[in-house]
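[1] Please find the sequence and the predicted model below.
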Amino acid sequence: MKKSEAMKRLDAIENEAKELREIIKKSEYSPKKRVVDSVNEIEDKDWYISSIGVVQHGVDSSPNQLSTKERAKAFLALMQLVEIHAAIEQDVEFPHSILTVVSKDRGKLFEFYFDSIELKQEFKTKHQALIETVKRGL
């Protein structure tokens with residue numbers, strides 16, 4: 001074997017090794033293993049909430065992409081609950097009642113404060129479908 005052929009083979013092996021290192025690096029990625037620096041580092045996010053409030057399938061590089069349709073629906077529901085709650089005129093400096101929304105896997109918890117038990121119950125009754133969507137999807 002000539003020296004030039006050996007050098008070409010060595011270059012090819014080094015390039016292949018570099019590609020294999022990249023594959024290994026990508027396969028070791030897991031959000032459960034480490035805290036990512038940005039949501040843009042998370043792969044397989046192909047759901048989003050359109051500007052008219054519809055959950056849609058598609059991929060772009062924006063940080064508002066979500067990994068599942070259920071999660072996108074849950075975020076849409078949570079946004080609506082937060083806005084509805086914010087529109088209620090109340091003094092919650094000393095809340096008398098708290099509505100706790102816990103996700104299905106108990107990994108996430110959201111609390112809404114109310115100045116009366118009656119107001120909390122009315123909110124919960126009127127918006128039960130949104131609350132359930134949040135519980136299921138997050």
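    That came through, no problem. Numbering: from 1, shown residues only.

[2] ok, now how distant is the most centrally placed residue in the chain from Lys73?
    In the chain, the C-alpha closest to the average C-alpha coordinate belongs to Leu66, at a distance of 5.2 Å (C-alpha atoms, centre = their mean). Look at Leu66 and Lys73: by C-beta to C-beta, to the nearest Å, they are 9 Å apart. For glycine as for every other residue, the C-beta is placed from the backbone atoms N, C-alpha and C.

[3] again with Phe123
    20 Å.

[4] so how far is the lengthiest helix in the chain off the chain centroid?
    For the chain, the helix with the greatest residue count under DSSP state H is helix 3-28. Remark: helix 3-28 is offset 36 Å from the chain centroid, using C-alpha atoms, centre = their mean, to the nearest Å.

[5] Who are the packing partners of the lowest-mean-pLDDT helix or strand in the chain?
    The weakest-scoring helix or strand in the chain, judged by mean pLDDT, DSSP states H and E, is helix 3-28 (a mean of 76). Helices and strands touching helix 3-28, as assessed by 3 or more C-beta pairs under 8 Å, 6 or more residues apart in numbering; DSSP states H and E, are absent.

[6] mind listing what's buried in that helix?
    Buried residues in helix 3-28, defined by neighbour count with 16 or more other C-beta atoms under 10 Å: none.
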